[in-house]
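In: I'll drop the sequence and a predicted model, then ask my questions.
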Amino acid sequence: VNAGLASRTVSRTRSPIFSGDFNRPSAVGTVANTATANRTVYSSVYSMFRDNEPDTLFQKVVVLVKAHDRAVLDSYEFFATMAAKELGITMGKVFEPPKDIERLTLLKSVHIYKKHRVQYEMRTHYRCIELLHVTGCTAQVYLEYIQRNLPEGVAMEVTKTAVEKIPDHILEPMWKDQPIDDKPSK
Amino acid sequence: MASFGRKVFLSLGRTNVSGVGIRKTGNGATYATALTVNSSSTNKDLPERGGRGFVGRRPKRDPGEPRTEKMALDQDWTSVYPAATPFRSNAVPLPVRMGYPVKRGIPPEKKGNLELIKIPNFLHLTPAAIKKHCEALKPFCTEWPSALDTDAKCDQHFPVKIESTDYVSAGPSVRNPSARIVRVEVKLSSLNLDDHARKKMLKLVGDRYCKDSDILTIKTESCPLRQQNYEYAMYLLTVLYHESWKIEPWEAEKTRADMEEYSWEDSTSQKNILDTLLRINAAGEGEGEEAEVRKQLLGREEVQEYKDSVERLKNEEASESNMLRYKEAVRKVLKV
């Protein structure tokens, strides 16, 4: 299944985690032991940190899933919560916001017969999963896994709250070393 | 076990009507499965029509026994359904039934059942499969720094919060224009502001500041891309910060009406109370040096209490306790 997952992600991939580096084991194919394969996998992770870019920190990641069937959402919730547990992500609340029903009344016939109508309704069920204290890498991995296995007819909204330090240019006011009547342009 | 159940089921009394597709269920109710595969007898009739049916159609092979009969109980299910595939009734060994039952009947069986094919199935995501996938994904995850376990510590070290939303849905386009909206939240107490700068910042910002939680929220959606909106929001924050430290010459003309909070010193309330007390005292004894007498009166405890109660009434909402406090203070000052 490991090889199957790797081959599947090569064909339609966008994220930097899976891009390109899975090709290396096939190039090294003649020496194909699992040791070299693992080494190429790990080197792809380290290449990201080689640029010394610090990982983003997400205080909260809220995943809201919308579907027309409640049973589909139940199964998806089981899958998402289990995946989060296996990957070691702390879960916040998992709850079900109340469903929305949009109803419309239309004329039943093409011409006249105003008294005879037909009514349709569209039901949207929701499920909300909150994840707390996730790093950027973990969030990317988890969300990509979740989104690739999103069933047909289900939509998702992901709200990420990233935390950052105060930028350097807001620590001290720039007028401190200059007299006030100067008014230099920034 | 599933195959044993099926054999019992078949032996319960199945009428041998071929070619029409009527099955008798265990309870004795009959229903027509219009969606079943044609039995081999009807197939041979079609080429005889000549021209009207499917010309040159080869007779279909016998489907044979379904794969479920040959499945072992301890097989690796992740290799049967490795990816998301529609439901195949001859590959799933479960006796599933789905659909609306006829009167005094049961839901239709899984063979040729369109309802089971339509609904998304999670057969490729069994717990065993999820564990395997997560084992493969584990090397790419990083750990949350252990020093930031509480929210308070996060706020202390990383006070700026940036919120953005991603949307995933099926449709003619992958893009969603609402994905460009960025919200930046900062607590003003974490910024380096002095008194004047803080008041000026609040005036500049207006509605975007929440007094109860001391959070300034900047929501940007004017640029077409999220990166642009984020940079614009940080630019706004920088400009607000530096402008609020600037002291313009016209700020010296700040009147009482521009003040954010009510201050009792040099207000009409102070003048009134001192005038009243002076008149009360002057009725009793005549004294010189009004300024000294005023200062003396100010120093008195009742006057201080009166000042407190008036300030509370003006700055906070007029509640029952505040009004009672004002009443008591007035009583004490006027010695009523």
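Out: Okay, I see it.
In: Residues touching stretch B:303-311, excluding its own?
Out: B:262-264, B:269-270, B:273, B:277, B:297, B:322, B:325-326, B:328-330, B:332-333 (Cβ atoms under 8 Å, 6 or more residues apart in numbering or on different chains). Backbone N, C-alpha and C define where each C-beta goes, glycine included.
In: Please repeat the previous calculation with a cut-off of 6 Å.
Out: Contact with stretch B:303-311 is made by B:264, B:269, B:325-326, B:329, B:333, as judged by Cβ atoms under 6 Å, 6 or more residues apart in numbering or on different chains.
In: Turn the residues you listed into a markdown table, columns for neighbour count.
Out: A markdown table is the format used below for these (neighbours: other Cβ atoms under 10 Å in any protein chain shown):
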| residue | neighbour count |
| --- | --- |
| B:W264 | 16 |
| B:S269 | 16 |
| B:R325 | 18 |
| B:Y326 | 18 |
| B:A329 | 20 |
| B:V333 | 21 |
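In: buried stuff in stretch B:206-220?
Out: Judged by neighbour count (16 or more other Cβ atoms under 10 Å in any protein chain shown), stretch B:206-220 contains these buried residues: B:209, B:215-218, B:220.
In: Helices of the chain, start to end?
Out: You didn't pick a chain, so chain A it is. A:2-11, A:23-27, A:34-50, A:70-87, A:136-148 (DSSP state H).
In: nope, chain B please
Out: B:2-11, B:40-43, B:46-49, B:77-80, B:114-118, B:127-137, B:151-157, B:195-205, B:226-245, B:268-284, B:290-299, B:301-315, B:320-334.
In: To A:C137, which of the ones you listed lies closest?
Out: Taking Cβ to Cβ, helix B:127-137 is the member of these nearest to A:C137, at 10.7 Å.
In: What residues sit buried inside that closest one?
Out: Result for helix B:127-137 [16+ other Cβ under 10 Å]: buried residues B:129-130, B:132-134, B:136-137.
In: Same question for stretch B:82-96.
Out: Here stretch B:82-96 shows B:82, B:84, B:87-89, B:92-93 as buried, counting by 16+ other Cβ under 10 Å.
In: near chain B, which residues of chain A show up?
Out: A:1-2, A:4-5, A:17, A:55, A:59, A:72, A:75, A:79, A:82-83, A:86-87, A:133, A:135, A:137-138, A:141, A:147, A:151-152, A:155-159, A:161-166, A:169-170, A:173-175, A:180 (Cβ under 6 Å from any Cβ of the partner chain).
In: Which among those residues count as buried?
Out: A:5, A:17, A:55, A:59, A:72, A:79, A:83, A:86-87, A:133, A:135, A:137-138, A:141, A:151, A:155-159, A:161-163, A:166, A:170, A:173, A:175.
In: just to revisit the earlier point, can you lay out the buried residues of helix B:127-137 as CSV showing pLDDT and distance to chain A?
Out: Below are the buried residues of helix B:127-137 laid out as CSV (pLDDT from 0 to 100; distance: Cβ to the nearest Cβ, whole Å):
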residue, pLDDT, distance to chain A
B:A129, 93, 7
B:I130, 94, 5
B:K132, 94, 5
B:H133, 93, 7
B:C134, 93, 4
B:A136, 94, 5
B:L137, 92, 5
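In: So for B:D155, what's the nearest residue that isn't a sequence neighbour?
Out: B:K187 (6.8 Å; Cβ to Cβ, 6 or more residues apart in numbering or on different chains).
In: what separates the one you found from chain A, distance-wise?
Out: 10 Å (Cβ to the nearest Cβ, to the nearest Å).
In: partner residues bridging that residue?
Out: B:I215 (DSSP bridges).
In: burial of it, as a residue count?
Out: Neighbours of B:K187 under the rule other Cβ atoms under 10 Å in any protein chain shown: 15.
In: any idea how far A:T161 is from whatever residue of the stretch 201-336 of chain B ends up closest to chain A?
Out: For the stretch 201-336 of chain B, the residue closest to chain A is B:W245, as judged by Cβ to the nearest Cβ, at 3.6 Å. Taking Cβ to Cβ, to the nearest Å as the criterion, B:W245 is separated from A:T161 by 29 Å.
In: Buried residues in the strand ranked longest in chain A, which are they?
Out: Ranked by number of residues, the top strand in chain A under DSSP state E is strand A:117-135. Of all the residues in strand A:117-135, those buried under the rule 16+ other Cβ under 10 Å are A:125-135.
In: Stretch B:152-169 too?
Out: Those buried within stretch B:152-169 under the rule 16+ other Cβ under 10 Å are B:154-155, B:158-166, B:168.
In: Mind checking which of those are in strands?
Out: Using DSSP E, those in strands are B:160-166, B:168.
In: quick check, nearest of the buried residues of stretch B:82-96 to chain A?
Out: When these are compared against chain A (criterion: Cβ to the nearest Cβ), the nearest one is B:P82, at 5.6 Å.
In: out of the ones in strands among the buried residues of stretch B:152-169, who's nearest B:N113?
Out: B:V168 (29.6 Å).
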